[in-house]
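model this:
(2 chains)
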Protein chains: 2
Amino acid sequence: MIYKKLNSFFILLLLVTTGSYAGPPDDGYRLWLKYDLIKDVSKRETYARSVQFIAVNGTSQMLKSAADELQTGLQGLLGKSIPIIASAGARKGGIILTAGNGPTVEQQALNAEGYQITNRSDNIIIKGKTDAGVLYGAFALLRQFQTLQPVTALSLTSNPKVRYRMLNHWDNPNGTIERGYAGETLWKWYELPERIDPRYRDYARANASLGINGTVVNNVNASARFLTGEYLAKVAALATAFRPYGVKVYLSVYFPAPKVIGGLKTADPLDPEVRSWWANKAKEIYGLIPDFGGFLVKANSEGEPGPQDYGRTHADGANMLAAALAPYDGVVMWRAFVYKAAGTPDRPKADRFTAAYEEFGDLDGKFDKKVIVQVKNGPIDFQPREPFSPLFGKMPKTPLSIEFQLTQEYLGFATHLVYEAPIFKECLDTDTYAKGASSGAKSASGTTVANVVDGSLHGYALTAMAGVANTGSDRNWTGHPMAQANWYAFGRLAWDHTLSSEAIANEWINMTLTNEPQAVKRIADLMLKSREIYVNYNTPLGLSRPWTGVHFAPEPWQNKSSRPDWTAIYYHRADSLGLGYDRTSTGSNALAQYNPEVQQRWNNPETCPLPYLLWFHHVPWTKKLSTGRTLWDELCTRFYTGANSVRWMQQQWALVKNNVDPGTYADVAARLETQHKEAIWWRDAWVLYLQEFARQPIPAPYKKPDRTLDEVKALVDIYLLR
Amino acid sequence: MIYKKLNSFFILLLLVTTGSYAGPPDDGYRLWLKYDLIKDVSKRETYARSVQFIAVNGTSQMLKSAADELQTGLQGLLGKSIPIIASAGARKGGIILTAGNGPTVEQQALNAEGYQITNRSDNIIIKGKTDAGVLYGAFALLRQFQTLQPVTALSLTSNPKVRYRMLNHWDNPNGTIERGYAGETLWKWYELPERIDPRYRDYARANASLGINGTVVNNVNASARFLTGEYLAKVAALATAFRPYGVKVYLSVYFPAPKVIGGLKTADPLDPEVRSWWANKAKEIYGLIPDFGGFLVKANSEGEPGPQDYGRTHADGANMLAAALAPYDGVVMWRAFVYKAAGTPDRPKADRFTAAYEEFGDLDGKFDKKVIVQVKNGPIDFQPREPFSPLFGKMPKTPLSIEFQLTQEYLGFATHLVYEAPIFKECLDTDTYAKGASSGAKSASGTTVANVVDGSLHGYALTAMAGVANTGSDRNWTGHPMAQANWYAFGRLAWDHTLSSEAIANEWINMTLTNEPQAVKRIADLMLKSREIYVNYNTPLGLSRPWTGVHFAPEPWQNKSSRPDWTAIYYHRADSLGLGYDRTSTGSNALAQYNPEVQQRWNNPETCPLPYLLWFHHVPWTKKLSTGRTLWDELCTRFYTGANSVRWMQQQWALVKNNVDPGTYADVAARLETQHKEAIWWRDAWVLYLQEFARQPIPAPYKKPDRTLDEVKALVDIYLLR
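I've put the predicted structure just below:
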C-alpha cells in the first residue's frame, strides 16, 4: 500500500540524516534470540556466503519452525533475506534440513531428539531422526552464528541426555505466580482459548532453542479447575501454540479432583470408581491434546491432599494415575517434596531433612513404569546451598527426576544477581557413591547425581529434569535481566549436564549482551562468582532457611510458627555453645541416609567441606576451622566479604558500560545497588543476632554494623505487614 | 561508532528491498500517543511548514517535558526533526511555549492549569499561567495533529473544570492489583527506589496528555507499609519520575498506622499523641516529597478500621488528617463507600443503598476545609448501571469528589468491550434537583451531578474526580486494547465533563486506531453502543450485583454469605410474584434520600425510566411495561438481544480489519469471540434462573437455552474453585 512505502521512505530519510541510529534501548523481550546484526563486517560477509538458501524437505510444523527461525535469525544477524526452498537440488552454499532415519553412521549416533550438523558439498546439513532433532539443530546452528563460531568444517553431534526436559510453572488460575518475581502468569486464562497471545509462540521458541520439550503450566498447589472441560479447552489452546516448537503441555493435578469436580464420594486411589474417573479424564484430555505430556503431582505435602488421606501410599496414588495414562504416551511425575511436621510433640526429634527418604525409601521399585519421582536437588527446599538429596543415592529401581528452582525464591527475588548454573552443577556433579567407593574417583565415577538422573547409572527407562520457571509477564520475562541466564542455563544443562557453568555463561553473554571479548570475560567472571558471593552474605558455611514468611527478608530470630520446622531457629540451632544442626549419629543422624563414603566425609567436622559444615554439625563458636579462623570469625569474615563483594560486582558491571545496551546496563546497575543495600541488611541481621549467642566482638578489620538488632528487626517487620 | 553506521546501512538496504515494510504489529504500549507518520502527504507537508522550530522560554522540568513531547510527537507524525530553541526572536513558522501571568485578555481567561493556543505572526503560541498549563497545551496541540485538525487560525482556550483529576490504583505491596485485569502493578516496589522503570515516565506522559494531575499509588485497602520510611523512599522515587509531567503522588493510608507502625496504644483521632504522630508523619513525607498530594482513606468500610472503632465520626478522622496536612498543600480524600451489614438481625430491613447517606448526611458542613468526601457514582458499587448516589444532591457544604471505576470489575474484566464514557456521562449529566424544580430543564439546570462535583453549584473550594485505574503491567497497559479508551475518556472528562462520549471516542480512535473516516465511524458506533449491549445481557432494567465472589461469572442464585447484603438474592429479590427491590415508601424508602423532583419521577413505576425500574420497584412478572411487553418478556428480549448484539459488534469490527493494525485487530476480534460466549452464558444463567420464579416460557422468537440451569451452575462453579 502506498502509505507504507512512504512510511519506509521517511524512515530511510531519518536514518540517512541521523547516521548512527541504533534503535531504542533493548527491552529484553527477545531474550538470547536477539539476532542483531553482527558488527564484524568481514565475518558477516563470510557467513553470508555460506547461507544463500534454506532447503527443507518436509512440511511438518516443526520443520517449518526450524526453517522460519533460521530465516528470521539470519535475516537479523546477516542483514540478508534468505529464501526457503523445498529442495536444494544441486545448489550449493545453503542450509539443508533433513529429518528421518537414514542409514548413515552419523544418524545412528543420534537418539530421538539429537541432531547432527555437518558441512558437505559446500552446504550445511542439519540432520535429525525426528523433526524435533532438526529443530534443535537449527537453533544450534544459529548459536554458532550468534557466538561468532565457524560454520565450516562443522561436525557437531549432540543428543539430549535426559528425555523429559521440563519447566514447572507455579502459576495460579487467578494470574498470580507462587514465588514469581517477574509479573503475573504468562497464561491469560480468561482470554483463552479464543485469544492466543503472540507471546505464547515466543515462549515456545525460547524453550525450543534450549531443547526444553515440556512445560507444566499450573502450580503444583493445583486447582481442580484445570481438569474441567472449560479449562482443558484453554490448556489445549496453549498446547496448539507450543506444538510447532516441540513443547508438550503437562498439568499439575489436584489429587481429590474426582470428589471436587467429579462428584464422587472419595478420591481413594484404589477405589474402582475413582480409577475409572481418572481413566475417563485421561481419555478426555487426549481427545483434546493428542500429545499431552502427563501429570505432575504434589500430594500429602504442605497441606495438599493425597493418597495417604485414604491410608494409601505415594506409589498407590502415582500408579493409579499411571494406569489412567497407560493407553497414551504420558507420564506421571510424582514429587518427593514431602515432610510431616517435625519437632511437634508426636515427632519431637524428627528432622525435616530425613522426611522424604523416610516416606519414599521403602517404595523403591514399587512404582509403575510410567512414573518418575521428582526430587528437589536438596533435602530441604531450594536453599542457596544444600547438599544433594539422599534419595539420589538410594533409589536404584525408581526413575528420579531432579527439580531445580530457577525463580529466585531464596536468592534475592528479582533484585539480586545470582547465576544459578554453579548451583545446578554442584549438585549434578556430586558423587552419590551409589555403587560404593570402588566406583572410582570424584569426577569420573559414573555415580554422580547426574549419572543417576540421566539413567546411565541405573538404566532408568524414563529420565527427566525440571526447573521451576522464573518467567512472568514482565516485558523481559524474568524481571532481572541477568536472570534470563538462569532459564538459559537450566535448559542447556537439561540437554547436556556435562556443559560447564562457564561455557554456558559465555554462550549466553555472547547471544544476549555483547560479543566484545574483554566484556564477555568480565561479565562471565561476575556471573560465575555471584552465587558464592550471595551465599557468603546470606547463608555461609551451611546455614539455611533464615527467612521471613515471604522469603524475602532476614529473620534468623524467627521462633514462632504453626510448625516448629517453619521457624528459623529450627534450622540454625544457635545457642551459647555454638551453631549448626547436628545431623551425625549424636544428632538426627540424617547422614545415615547417605551412602557410607558420603557419610564418612561429611560425618567428621574436620573433613566435612566448609560449605556444608553447619548443615551437619553443631560447631562451637570458638572452634578453629581449616581457614585458621574460629567459627565466629569465619562467619563474620564471610558475611562482610560477601556484602563487600557486591561492590566489586558493581565495579565489574561499570566496566562494561560501553559494551552493553544502555537500557540493560542501567537496569542491572540499579538492581546491583539494591542488592548491595540488602546484602548489608543480611549481614547486619545475622551478625547482630548471632552475636547475642557468640558474645564476641566483630573481628578486625570489620566494623560493627551502624545499627542495632532492633533497628534491623523493625526494617524486616515492614515486609511482614499485610 | 562505525558499527552503528553499518547497522543503519543494512537496515536501509532491507527497507529498500522490501519496500512495504511497515514494522511489527502494534503492541499497544504507546497508547494514544502513537505519533505514527501521517499518511496524507499533502496534509503532512502543510503541517510541516507550520512547525519549523519549538521555542521554549524557560528551563523548568514541565516546560522541558512539553517541548520534548512536541519534538518527539512531530518527529513521528511529520517524519521531521524539529529543533528546540530558547527563543523564537523574529523567526516565524514555529511553536512558542510561554508560561506566566501575562496581561493579555486571553490569559485572564485561564485558570491555574488552563491553556490557550493561538496563531500569531505565523507562529503557534501555547500559553499557560503555569508550566503545567503549557504542558497540557502542548498535548492539546499534538492532538490537533493526531486527529488531522487544522493548526492555523487556532483559538483554543481550555480550563480544567475540576482541580484534582485523579487516578486511584488499588495496587498492593505484593504486586497484585485488587480488581486488576491487566497484569500486576506498574510499581516495582522491590526495585524501588534504586531502579526507575522507564515505564513510570510513560505512565506520567499518558496521564499528562489527558490532564490527570494526581495518582494514588496504593490500594484503599491500605498497607501500613507505605507510611514507613522504607516505603516512603520508594514513593518519593515515583514522585520524582512523575513530577516532570505534573502528576502528584498521593497515598492511601491505613487508619491504625499509629498503632501498627508507630507503636502507640490507640489510633483514636482525638488522642493528642495520635494527632502528633500524624503531624510528624506529614512532616516526614513533605521532607521527602515537597509536592505530595495528600491522603485517600477507606475507613470503617468492609472490615477496614476507622475512627468509629474509637466512637468517633468520619469527620473526626478526616479532620485529624487534615490538621496534619495543614502546613502543606495536601488534601484528604475521605471515601463515603461505607455500609454496615444490612439484612442482619440488628438491621433486618436495612438497605445497603441508604447506608452512605445515613453515615454522612449529618456530617455535612463538619469537615475541615482540606477534606473532600469521595463518593462512588452510584449508591452500591460500580454496577453496569446505577442511579446516582443520593449524596450528590444532599451535601451542599461538603466538597464531593466523584469516584468512577475504570477497571472492569463488573464489566467483563479484560475480555468484554465496554466503552465507559456513557456510564460516566449518564451520571454526571443527571439532575440532582439540589435547588429544587425551579432550577430548570434537564440539561441546563446547573444542578446536575457534574455541577455539584465541579463546584459550580455549591462553590466548593476543592473539586475532584477520581477514576479507579485499569492499568497494569500488561504490555498494552489495560489488557483489552479498547479499554485504553476508558482511561482516555475518564481523563478527558475529568478535565471537561461537557465533552460528549462520541467526541471523546472519535479523538481516541483517530489517535489510536485509524484516521480512515468510515472506519472511525464504525468503531465509534460499536463503542457507543457497547455499554447498553453489556447491560442488556448482564443486568437489564435495573438488575444489579448477580456476581460470584470473584465478580466474573453469573450467580444470581447466590443466597449464602457471611452477610446478607453480600448475596445476589438480596439485590434482585425475585419471587413468585415479581422481581426487583422496592425502594419506595412501601419498601426500604431509599428514594426518600433524593430530592423531591427525583423521588417523584422514580417513585412511580409508570414514570420511572426502564433502565432504573428494578432498582426501585418490585414489579410483577406479568406487568405490562411501556414497551408493550410484560416484565418477563421484556427481560427475555433484552437478554437475547444483548447477547445477539455481540455478534453485531463482531461484524462491525470485521469491517474495519483493513484499517487497523493487524495485531490489534486480531486481539480485539478474539476478545469479542470470548465476549459472545460469555454473553450467552449470562443470558442463559439469568433466564433459566428467573424462569423458576416467573414460570413462563421464553417468548418467541427466542429459543430456550440449549443447556439446563444445573449445567450453567456447574460451569460457574469452576470459577469458584480455588
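
Now do the helices in the stretch 551-700 of chain A.
Ranges of helices within the stretch 551-700 of chain A are A:569-572, A:596-603, A:613-616, A:631-655, A:662-694, based on DSSP state H, counting those that start in this stretch.

So for the closest residue to A:Leu227 other than its chain neighbours, what's the pLDDT?
Nearest residue to A:Leu227, sequence neighbours excluded (Cβ to Cβ, 6 or more residues apart in numbering or on different chains): A:Ala257, at 5.0 Å. Where you see a C-beta, it was placed from the backbone N, CA and C, and this is true even at glycine. pLDDT, A:Ala257: 98.

cool, the one 4 residues further on as well?
Among the per-residue scores, A:Ile261 holds a pLDDT of 97.

A:Pro24 too?
pLDDT, A:Pro24: 71.

quick one, which of the helices of the stretch 551-700 of chain A is nearest to chain B?
Taking Cβ to the nearest Cβ, helix A:662-694 is the member of the helices of the stretch 551-700 of chain A nearest to chain B, at 3.4 Å.

pLDDT averaged over stretch A:591-600, what's the number?
Mean predicted confidence for stretch A:591-600 is 97.

Return the set of buried residues in that stretch.
Across stretch A:591-600, burial judged by 16 or more other Cβ atoms under 10 Å in any protein chain shown covers A:591, A:593-595, A:597-599.

any chance of these in CSV, with distance to A:His458 too?
Listed next are the buried residues of stretch A:591-600 as CSV, based on distance: Cβ to Cβ, whole Å:
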residue, distance to A:His458
A:Leu591, 23
A:Gln593, 18
A:Tyr594, 17
A:Asn595, 14
A:Glu597, 18
A:Val598, 17
A:Gln599, 21
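
what's the most distant pair in the residues you listed?
A:Gln593 and A:Glu597 (13.4 Å; Cβ to Cβ).

Is the residue nearest to A:Leu227 in contact with A:Thr228, as I believe?
No. Assessed by Cβ atoms under 8 Å, A:Ala257 is found out of contact with A:Thr228, at 9.0 Å.

what is in contact with these two at once?
Both A:Ala257 and A:Thr228 lack any common contact, where contact means Cβ atoms under 8 Å, 6 or more residues apart in numbering or on different chains.

Please tell me the pLDDT value assigned to A:Ile196.
Here the pLDDT value assigned to A:Ile196 is 98.

what helix or strand is it on?
Under the criterion DSSP states H and E, no helix or strand holds A:Ile196.

tell me the contacts of it?
Here A:Ile196 is in contact with A:237, A:240-241, B:670 (Cβ under 8 Å, 6+ apart).

rerun at 10 Å
A:188, A:237-238, A:240-241, B:666-667, B:670 (Cβ atoms under 10 Å, 6 or more residues apart in numbering or on different chains).

try A:Gly330
With Cβ under 10 Å, 6+ apart, A:Gly330 has these contacts: A:248, A:250-251, A:282, A:285-286, A:289, A:291-295, A:321-322, A:324, A:370.

Okay, and which of those map to strands?
Using DSSP state E, the subset of the contacts of A:Gly330 located in strands is A:248, A:250-251, A:294-295.

Now render the contacts of A:Ile196 as TSV, adding pLDDT.
Formatted as TSV, the contacts of A:Ile196 follow (pLDDT from 0 to 100):
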residue	pLDDT
A:Lys188	98
A:Ala237	98
A:Leu238	98
A:Thr240	98
A:Ala241	98
B:Ala666	98
B:Asp667	98
B:Ala670	98
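
can you give me the helices in the stretch 401-550 of chain A?
Going by DSSP H, counting those that start in this stretch, the stretch 401-550 of chain A shows helices at A:421-428, A:449-453, A:484-495, A:501-512, A:517-538.

and the last one, average pLDDT?
When pLDDT is averaged over helix A:517-538, the result is 98.

in that helix, what's buried?
Those would be A:519-520, A:522-524, A:526-538, for helix A:517-538 by 16+ other Cβ under 10 Å.

from the stretch 401-550 of chain A, which residue is nearest to chain B?
Counting by Cβ to the nearest Cβ, the stretch 401-550 of chain A gets nearest to chain B through A:Ser473 (5.0 Å).

just to revisit the earlier point, among the contacts of A:Ile196, which one sits closest to B:Asp27?
B:Asp667 (9.6 Å).

List the contacts of that closest one.
A:191, A:195-198, B:25-28, B:476, B:479-482, B:661.

quick one on the thing from earlier: what's near enough to touch the residue nearest to A:Leu227?
Taking Cβ under 10 Å, 6+ apart as the criterion, A:Ala257 is in contact with A:222-228, A:264, A:267, A:274, A:277-278, A:281, A:305, B:721.

got it, and A:Asp717?
So A:Asp717 contacts A:548, A:553, A:555, B:225, B:228, B:260-261 (Cβ under 10 Å, 6+ apart).

what about the closest residue to A:Ala669 other than its chain neighbours, how many neighbours?
Among residues not flanking A:Ala669 along the chain, A:Trp653 sits closest, at 6.0 Å (Cβ to Cβ, 6+ apart). Look at A:Trp653: counted by other Cβ atoms under 10 Å in any protein chain shown, it has 20 neighbours.

Is A:Trp653 in contact with A:Val668, as I believe?
Yes. Using Cβ atoms under 10 Å, A:Trp653 is in contact with A:Val668, at 6.0 Å.

what residues are shared contacts of the two?
In contact with both A:Trp653 and A:Val668: A:417, A:482, A:523, A:526, A:660, using Cβ under 10 Å, 6+ apart.

quick one: which two of these are the most distant?
Largest pairwise distance in the shared contacts of A:Trp653 and A:Val668, by Cβ to Cβ, is 13.7 Å, between A:Leu417 and A:Val660.

Return every residue with contacts to both of the two.
A:481, A:653, A:668.

what sits against the last one?
With contact set as Cβ under 10 Å, 6+ apart, A:Val668 has these partners: A:417, A:480-482, A:513, A:523, A:526, A:649-650, A:653, A:656, A:660, A:675, B:195.

Can you add distance to A:Leu614 and give those residues back as a markdown table?
Below are the contacts of A:Val668 laid out as a markdown table (distance: Cβ to Cβ, whole Å):
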| residue | distance to A:Leu614 |
| --- | --- |
| A:Leu417 | 25 |
| A:His480 | 28 |
| A:Pro481 | 33 |
| A:Met482 | 29 |
| A:Leu513 | 36 |
| A:Ile523 | 32 |
| A:Leu526 | 27 |
| A:Met649 | 25 |
| A:Gln650 | 29 |
| A:Trp653 | 31 |
| A:Val656 | 36 |
| A:Val660 | 38 |
| A:Gln675 | 24 |
| B:Arg195 | 34 |
